[in-house]
Structures are given as C-alpha cells and as structure tokens.
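*Asks:* Sequence and predicted model, in that order:
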Amino acid sequence: MLQPFAMRFSARLPHDGHRRIQPRMYTIAALYHFTRFDDPAALKPALLELCIAEDVTGTLLLAGEGINGTIAGPRAGIDKVIAHLRALPGCSDLEWKEATSEQAPFGRMKVRLKREIVTMGQPDVDPRARVGHYVDPQDWNELISAPDVAVIDTRNDYEVAIGTFDGAVDPKTGSFGEFPAWWEANKERFHNKRIAMFCTGGIRCEKSTNFLLGQGVEDVYHLKGGILRYLEEVPADESTWQGDCFVFDNRVSVGHGLKEGPHMLCHGCRRPILPEDTCRPEYEAGVSCHNCAEETSEEDKNRFRERQKQMALARARGA
C-alpha cells in the first residue's frame with residue numbers, strides 16, 4: 001500500500017540516529033529602493049564582502065537612483081545584509097518582501113553597477129519626485145472592477161503569459177524599455193480612463209506611474225507591493241488573479257500564498273515553461289524550448305550545449 005506523501009517525505013529526510021535532521025531553509029528577500037547614491041561603485045565592495053561572508057547569494061543592482069534585487073540565505077545572514085542596506089544613505093525606510101525555500105534559489109552572489117535599477121530609458125522619469133496613488137492589496141479588486149478604470153500589466157510578455165489579473169491589458173512588450181513607445185501608440189484607447197498599473201514587486205510601477213503623470217494622465221494608481229504582496233495577503237477565494245506569477249529566482253513561479261508554482265526555466269531563453277513542455281520536440285535541456293527553438297542559430301545552440309556540458313562536469317566534481 002502506498003504511504004501518505006507526508007510519511008514518504010519524512011522517511012527520506014536524513015537523520016543522525018534518533019533525531020531527524022531538518023532540511024535547511026533559505027530566506028528569500030526581494031527589495032528595491034529609490035534614493036540618490038553619489039558613488040554607487042564605492043558601495044559595492046563592502047556589500048559584496050558581507051554577502052559572501054554571510055553565505056547570502058543572489059543579485060543586487062546599484063545605480064545612482066538606488067538599489068534593486070533579490071537575495072537568499074540563512075535567516076541571520078539576510079538580517080545582517082538588510083541592516084547594512086538600511087544604513088546606506090537614504091535607505092533607512094527600505095522595505096522588502098520575504099519568502100522561504102528548501103532549495104537554494106541562487107548559485108552565487110553578484111553585485112552589479114547599472115545606469116538604472118530597472119531599465120526604462122527615460123532620463124526625465126524620477127520616482128523620487130512623485131508616483132501614482134498606492135493601492136493596498138485589500139482594496140485592489142474594488143478599484144480594478146470600476147467601469148472607468150483601465151488596468152495595465154507593465155511586465156514583459158513572457159511573464160504575462162503565465163498569469164495576470166482578470167481584464168488586464170497586456171502591452172506585449174519584450175522589455176520594460178518598450179513601454180513608453182507602447183503608451184504613445186495606444187494612449188487614445190485610455191481617454192477619460194483612470195489608469196491602474198501593476199508589476200511583480202512594485203518597482204516598474206514606480207517608474208511607469210511617474211512617466212504617465214509626466215504625460216498628463218491625472219488619475220494613476222498602482223498596486224502597493226506588487227503581485228507578490230497581493231498573492232501573499234489576498235485569499236485565493238477572493239482573488240481576481242489568474243495563473244501564476246513569474247519570479248526571478250529558481251522558484252520560477254509562485255501562486256497564492258507564494259507557494260511555488262509548476263514552472264521551470266528554459267536555460268536557452270530564460271522563459272518559463274511547464275514540465276510537459278519538455279516532451280515537445282523543440283525542447284533540449286539548457287539549449288532550447290518551443291518558445292526559442294526558431295530564435296537562436298545553430299552556433300548559439302552549440303554554445304549552449306557546451307555550457308551544459310561544463311555544468312554537468314562541475315556538478316560531477318561537486319563544484
């Protein structure tokens with residue numbers, strides 16, 4: 001007779017005689033903060049050193065306009081890194097969102113210097129000056145159900161494809177930098193409408209709402225804390241969210257309650273796919289999927305195959 005899943009899982013856990021060893025839990029912290037850094041490069045060495053010392057991995061982006069990224073590690077390590085970040089100039093009120101995972105979400109730590117912490121390519125956009133009205137997750141459903149409100153998803157097309165809010169407009173942009181041109185071409189569709197915008201964690205909406213205000217749109221709103229906070233705080237039976245939310249770590253997607261979703265990542269194009277997509281003829285692990293098989297050259301695919309080979313060799317060495 002088959003054992004219940006919980007019993008089967010417990011039986012596989014390592015133990016040291018009488019005491020079961022609990023699986024290691026990783027705390028995941030997603031964060032961003034707009035502030036002025038006069039010399040972002042000067043902040044990098046100490047931040048990277050601290051992350052490495054505390055066994056924290058992930059990616060943090062530093063720019064003159066602030067910081068953005070997602071990190072993961074032991075509880076104590078994340079606490080120390082967050083404390084360090086909040087001590088940086090103008091970051092005392094930095095906020096972050098947390099989740100947990102039994103799997104390491106990232107392989108290494110990277111601190112990168114960028115021109116923008118989220119690339120929009122609009123030098124006049126400044127979220128520190130003004131942004132749209134924040135809407136708490138508990139109030140979001142009421143707002144977007146109003147007949148005079150247009151709801152716009154500011155994420156990339158591959159993110160929207162696996163989940164979005166009921167009735168949301170998909171700009172079908174391949175990158176956030178395409179949003180201003182999309183708005184210019186489509187703004188007449190939204191005449192006399194209030195605009196409600198959302199994204200994964202809120203950072204893109206800081207810029208997109210400032211952009212629309214600069215374009216003369218008077219009533220602009222955005223979901224406070226983004227989709228992640230909505231999925232965390234709004235019960236599934238009250239939700240207007242459909243599907244899963246793409247996240248930029250090894251979980252790939254999450255659903256209500258921030259439970260890990262079914263998706264995996266094609267390492268050829270970095271788009272989310274479902275396990276059954278690996279049975280399609282276009283799929284080759286680490287090389288291509290049905291989304292990108294026709295987008296890359298044979299030279300690209302051979303390069304990806306060599307990368308896969310080197311990764312397999314590294315795993316075999318325990319690296």
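*Replies:* Structure received.
*Asks:* and residue 113, what are its bridge partners?
*Replies:* Using DSSP bridges, the bridge partners assigned to residue 113 are residue 62.
*Asks:* which residues touch it?
*Replies:* By C-beta atoms under 8 Å, 6 or more residues apart in numbering, the contact set of residue 113 is 40, 41, 44, 61, 62, 63. Bear in mind the C-beta positions are built from the backbone N, C-alpha and C, glycine included.
*Asks:* what's the farthest-apart pair in the residues you listed?
*Replies:* In those, two members sit farther apart than any others by C-beta to C-beta. They are 41 and 61, at 12.6 Å.
*Asks:* who has more neighbours, these two?
*Replies:* Of the pair residue 41 and residue 61, residue 61 is the one with more neighbours under other C-beta atoms under 10 Å, namely 20 against 9.
*Asks:* Need the pLDDT of that one.
*Replies:* You'll see residue 61 listed with a pLDDT of 98.
*Asks:* same thing with residue 255?
*Replies:* For residue 255, pLDDT reads 96.
*Asks:* how many neighbours does it have?
*Replies:* The number of residues packed near residue 255 is 17, by other C-beta under 10 Å.
*Asks:* For residue 121, list the residues it contacts.
*Replies:* Taking C-beta under 8 Å, 6+ apart as the criterion, residue 121 is in contact with 177, 180.
*Asks:* so it is in which element?
*Replies:* Following DSSP states H and E, one finds residue 121 outside all helices and strands.
*Asks:* Strands of the stretch 51-200 of the chain, start to end?
*Replies:* With strands called from DSSP state E, counting those that start in this stretch, the stretch 51-200 of the chain shows them at 57-63, 66-73, 95-101, 109-113, 133-135, 149-153, 163-165, 194-198.
*Asks:* Out of these, which is closest to residue 232?
*Replies:* Taking C-beta to C-beta, strand 95-101 is the member of these nearest to residue 232, at 7.5 Å.
*Asks:* Pairing partners for the closest one, with directions?
*Replies:* Applying DSSP bridges, one finds strand 95-101 paired with strand 26-34 (antiparallel).
*Asks:* Averaged pLDDT, the helix or strand harbouring residue 302. What do you get?
*Replies:* Assigned by DSSP H and E, residue 302 belongs to helix 298-316. Throughout helix 298-316, pLDDT has a mean value of 92.
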